[in-house]
Structures are given as C-alpha cells and as structure tokens.
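A.B. asks: sequence plus the predicted model coming up.
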Amino acid sequence: MLSVWSLTLCCMFLEVALASKDEAVVLVVDPAWDDVAGYQQKVPLLQEYKVVKVFSHLGKDHSYVPGKAKLYREFAYQSRAPNPKEAAKEVCPQLKAMSIPIAAVIPTSDGAVALTDQLAACTGVRGNPAEGPLAETRRNKWFMGEAVRKSGLRSVKQVKVSGWESAKEFLESWEPPLSTERPCVFKILEGSGGAGTSRVNSLAEAKKYFDSITGTKDKYGDVNTVVLIQEYLTGKEYAVDSVTRDGVHKVIAVWLEDFRPANGIFDQYFGFKLMDPEDALTKTIIDYSNKVLDAVGLQNGAANTEVKYLENEQQPCLVEVNARWAGVNWNDGLAVEKACVGEDQITATFATYLDQQAFAKMPDVRPITQYGAVVFTINYQPGVLTGLPGLAVAKQSSSYLSSDIDSASGLSGIMDKFLPKTTPDTIPINIALASKNKKVLDKDYSHLIQIQTDRDFFKISPAAGITSLDSHAINRDRSLGGSLLIAIGMTIVGVATVALLVHAGVSKRKIEEEVYLAIE
C-alpha cells in the first residue's frame, strides 16, 4: 500500500506532468473582465501550458468563476488608463525576459484586443495587424464600417463628426428625412458594452444627445470629441461565433438574438436561439460574416460577429465585429454550444492558437446535433428577492440543461438581497436549454419568457425608500453595520456608480444599437 508521502509525491508529479509544455500562453485581461481562473478550470489544453496574465491597465479585477488562477507570471501596465502602445513598450520587454518561449498571446475581452495585437507583434507570435491601415478596423467602429464598405460588402451608412453643424448637415440630407420611421444611431467610436450608443428619432433629439456626450470623458478619462452617426438598420440580428487561424475561418455557432423592449430599454436581451447551419439564411449569414472578417483583417483568433439581415434588401449588413470570443458564460451559452455542436468557442480558440492539427480537423461549420437556446431572465420590479419560482420551473423543463447566476450583477448569493430592474448589464440568471425536439425547445423557451412577463419568475418583496445603487452598497457591505452605511451612504453610491460604469464598458450583455423583432 502506498504511503501518504508516496501519494503526495505522485500528485506533485501528476501536476507537473499536466503542465508539461515549457511554453507560456499570455492572456491579456481588462481588470473588469478577468476569467483566467475559469479558462484554466474549463480548458484542458490550457492546463498543459504555463499561464501569464497581462492586465491592460491597473484596476480592481472581477472574476466570473470562483477560484484563483495558477500563474507563471503576472504583469500590468502601470497606469489607470489603458494605452496599448505605451503598455506594449512597458510589458513586452518583461515578456521577452522570461526564460520560456511564448506560444500565444490571446485577448479575453474588447478592452484587451489592441494590446494583444501589440504584444503579439513585438513577441513574434501569431496575431493580427498592430500597425497600418487594418490596425484599427477590429476596434474602431468607423474604420470597421469603412473597411467593409471598401471590400464591396453591404455596410452601414455612416459619418463621424466633431461639430453639431456637420451632424445637422448630414441628417438634413436624408431622404426620407430623420423620423421615428427612419431613425439613426449615435455611437462613441471605440465604445463597448453599449456605452455612448443611442437611437435618435429627430433633429431635436440629435442635438440634445450630441450636446450631452460631446466633451464628456469616457471611463478611462479620455474626452469624447467625435461622434459616429449611422443609419438605423431594420431587421433581426444574428451573431456568428468563429475561430480563425492564418486567415482560415471556422464557424462554431450562429445565434439568433432575441431583443425586446423591457424596463424602458428598447433592445433588452431576452435570449439567444441556435441556428441550423443547413438553413439557407444561416449559410448566407456565414458567408457574409467570413468576408467581413477578411475585410477587417482578422487573421487569427476568435470573433463574435453581429449581423443584421435586412429583409427589405434580402441581404446581411454588419453591425459590429468583436475580435474576441462571445461574452457568454460556461453554464449558459458555452454549455449550449458544447451540447449542441460538440465544442464551445473558448475551448476552440485555444485549440486554434495552440494545436494546428486540431484546427485542421475542425469542420468549416460545425453541424448541430440538437437544438439549443439561452434565456436571459428579466426582473421588472425592484425589491428584495425572496424566492425563485421561475428557476424551479426552468429546472423541470424537458430541455433544461444548466443555469448561471451572473456574478457581474452582484447577485452571487442573491436570496434576501435587493434585486434591481434588469438592464443588459445586470441580467440576474441565465438558463441554457437543449433538446433533440425543436418544438419542445421552443415551447420551453416561450414558457420561460411568459413567466417573466407575467412577473412570476422572481418573488419580490418591495423595498420602500431604497434605490438600486443604495441596495448594491448594502448587499456588499452588510458587515459594516447599518448606522455606518447611513453615515457613508453617499460615498458608497458614488463608488457603486463608477463600478457599474466600468463594468458596462466590457459587459457580457452588450446594449445593441437597433430595435429588434421578438422571436417565438
């Protein structure tokens, strides 16, 4: 019989064997979106490599999966505001000074893409253009749209302006004119998480919005001096999750995104439905998406490409390319991909960078083996959460797969805590569904949506005299005591506001730009 000491030694050698490759994978992280521990836990291939984490800037980090990452090294650009070129100058020499070679540099969120390009270039590993005409096309909406237009694909009509007179001139040239029937969209050029995005229906609204954003500072302190105005695209929106190696694109999944009005938001996420890649419409969207990736110079890595299908024109049009994996969780969207196409996008991304043979064996488009969907729950009434009858119903559904409580909303351990009205950044619970029978899946999906609209998913006790921000502070700091919270309440509210704004910049639940048709 083995002694305890022998067993300990075996475990130690096993751990060393698992991290068998003497190479490093560099994961570039925005502090507000740090899931490195989750990648290590969930992706077996990554466990074979030493992991290096690089923060794009200083700041309190938030992890979406419990646990602590096992890191070989950790570096951070020593500034509160991100600056990819300056960060690369600071961090790249530290990466090169490591005693092991670098196998890949991978972005983990929107805020990490630019620095990833810089670090990949300076370390000489697989990446995307960091300089030249295509350097901005995967993160600046103006350059993105122009690159697609120049490639000959249908692209959004747009203009960028720094003064109201230029904006007015552009909008007054419209025929038919700007109206509720023909609105436009205002955006911040490099905004993410829907920051700085608004639908505008009249010149009066346009002037008001222009004045409200011009000259303000973004979450990193940069002054917003340029506004992007785009045509409003009418149609359903689809998202293509893909991976690319040396310019060859492989599609993991295509989703129909279900947007509906809720809580004063015209495009609240209600859910995703997995599309069948054998459908003619899905094939059209995939073909267009691949051409878009070529146009914006995405040669390596993951992409979440959002496309509108314009029914009146019978063709797709790009909304946005997100040059990173989709912002879904392990127990909702990724679980559906794993169950329905046999692989999730994050795991496929690591294989794309690290295993050429595995990438070569991937089909160009993964077929579905069953139907899948994700329900994003909506709470309509703020108050103290006392029960989750809807989740119990979901778990009894024939197509129930798994569920996730979104830690980003501050709702981990949510019972008896204040639950605010849901926004795209505070979706409390996500539910994964999968079934071989499409009718069963559609019925379960619709039923769970109906429970929410009937206000029966969450059991809420009204909390009189308390605001949403106050409630987050109280939930977070109960141990301080009620009297102390009252004394410093305004400070806490201010801090909570900043935290919410920071999270919004890289939110997994990005606020989209247009009104979408509900799906059943």
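C.D. replies: Nice, I can see it.

A.B. asks: ranking helices and strands of this protein by mean pLDDT, which lands last?
C.D. replies: One helix or strand of the chain scores below all others by mean pLDDT, DSSP states H and E: helix 482-487, with a mean of 31.

A.B. asks: where does the most centrally placed residue in the chain land on pLDDT?
C.D. replies: For the chain, the residue nearest the mean C-alpha position is G327 (3.0 Å; CA atoms, centre = their mean). On pLDDT, G327 comes in at 91.

A.B. asks: ok, I229 touching K168?
C.D. replies: No - assessed by CB atoms under 8 Å, I229 is found out of contact with K168, at 10.4 Å. All C-beta atoms are positioned from the backbone trio N, CA, C, and that covers glycine.

A.B. asks: could you list the low-pLDDT ranges of the stretch 301-450 of the chain?
C.D. replies: For the stretch 301-450 of the chain, the stretches flagged by pLDDT under 70 are 406-414.

A.B. asks: which residues of it fall in strands?
C.D. replies: All strands of the stretch 301-450 of the chain, identified by DSSP state E, counting those that start in this stretch, fall at 301-310, 315-322, 371-376, 383-387, 400-405, 418-419, 429-435.

A.B. asks: so for D332, which of the ones you listed sits nearest?
C.D. replies: strand 429-435 (3.8 Å; CB to CB).

A.B. asks: mind listing what K438 touches?
C.D. replies: Applying CB atoms under 8 Å, 6 or more residues apart in numbering to K438 gives the contacts Y371.

A.B. asks: kindly apply the preceding question to D35 instead.
C.D. replies: Contact analysis of D35 by CB under 8 Å, 6+ apart lists 63-65, 108.

A.B. asks: could you dump those residues into TSV and include neighbour count and secondary structure?
C.D. replies: Below are those laid out as TSV (neighbours: other CB atoms under 10 Å; DSSP: H, G, I helix; E, B strand; the rest coil):
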residue	neighbour count	secondary structure
S63	16	coil
Y64	17	coil
V65	18	coil
T108	27	coil
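
A.B. asks: of all these, which two lie farthest apart?
C.D. replies: Longest span within the contacts of D35, CB to CB: V65 and T108, 12.3 Å.

A.B. asks: on that earlier part again, any idea which of the contacts of D35 is least confident?
C.D. replies: Y64 (75).

A.B. asks: quick one: the closest residue in space to that residue that isn't next to it in sequence from G271, how far?
C.D. replies: Leaving aside its chain neighbours, Y64 sits nearest to D35 (4.7 Å; criterion: CB to CB, 6 or more residues apart in numbering). Using CB to CB, to the nearest Å, D35 is found at 22 Å from G271.

A.B. asks: remind me, longest strand of the protein?
C.D. replies: Looking across the chain with DSSP state E, the single longest strand is strand 248-262.

A.B. asks: follow-up on the earlier one: and the strands of the stretch 301-450 of the chain as JSON lines, adding distance to D287?
C.D. replies: As requested, the strands of the stretch 301-450 of the chain are exported to JSON lines (distance: least, CB to CB, whole Å):
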{"stretch": "strand 301-310", "distance to D287": "11"}
{"stretch": "strand 315-322", "distance to D287": "9"}
{"stretch": "strand 371-376", "distance to D287": "22"}
{"stretch": "strand 383-387", "distance to D287": "45"}
{"stretch": "strand 400-405", "distance to D287": "30"}
{"stretch": "strand 418-419", "distance to D287": "43"}
{"stretch": "strand 429-435", "distance to D287": "26"}
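
A.B. asks: what are the buried residues along stretch 304-319?
C.D. replies: 304-309, 316-319 (16 or more other CB atoms under 10 Å).

A.B. asks: then it to CSV, C-alphas only?
C.D. replies: The C-alpha trace of stretch 304-319 is given here as CSV (Å, rounded to 0.1, in the frame of the first residue of the first chain):
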residue,chain,number,x,y,z
ASN,A,304,-18.2,37.4,-32.4
THR,A,305,-19.6,39.0,-35.5
GLU,A,306,-23.0,40.7,-35.2
VAL,A,307,-25.0,41.0,-38.4
LYS,A,308,-28.4,42.4,-39.3
TYR,A,309,-30.4,40.6,-42.0
LEU,A,310,-32.2,43.4,-43.9
GLU,A,311,-35.5,41.9,-45.1
ASN,A,312,-36.3,44.7,-47.4
GLU,A,313,-33.0,44.3,-49.2
GLN,A,314,-32.7,40.5,-48.7
GLN,A,315,-29.0,40.8,-47.6
PRO,A,316,-26.9,41.0,-44.4
CYS,A,317,-25.3,44.1,-43.1
LEU,A,318,-22.6,44.3,-40.4
VAL,A,319,-23.4,45.7,-37.0
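
A.B. asks: please state the offset of that stretch from the chain centre?
C.D. replies: Relative to its chain's centre, stretch 304-319 lies at 19 Å (CA atoms, centre = their mean, to the nearest Å).

A.B. asks: please apply the same query to stretch 47-61.
C.D. replies: That offset, for stretch 47-61, works out to 18 Å (CA atoms, centre = their mean).

A.B. asks: buried sites along it?
C.D. replies: So for stretch 47-61, counting by 16+ other CB under 10 Å, buried means 47-57, 59, 61.

A.B. asks: what about that stretch, how long is it end to end?
C.D. replies: 22 Å (CA to CA, to the nearest Å).

A.B. asks: and it, average pLDDT?
C.D. replies: The average pLDDT within stretch 47-61 is 96.

A.B. asks: any regions of the stretch 101-250 of the chain where pLDDT drops low?
C.D. replies: 189-197, 217-223.

A.B. asks: try 50
C.D. replies: 192-194 (pLDDT under 50).

A.B. asks: ok, which stretches of it are helices?
C.D. replies: With DSSP state H, counting those that start in this stretch as the criterion, the stretch 101-250 of the chain has helices at 113-123, 141-150, 164-172, 203-213.

A.B. asks: name the residues that touch the first one?
C.D. replies: Yep, that's helix 113-123 we're talking about. Here helix 113-123 has contacts from 26, 28, 54, 56, 77, 82, 84-85, 87-88, 91-92, 95-96, 102, 105-107, 126-131, 135, 138-139, 323-324, using CB under 8 Å, 6+ apart.
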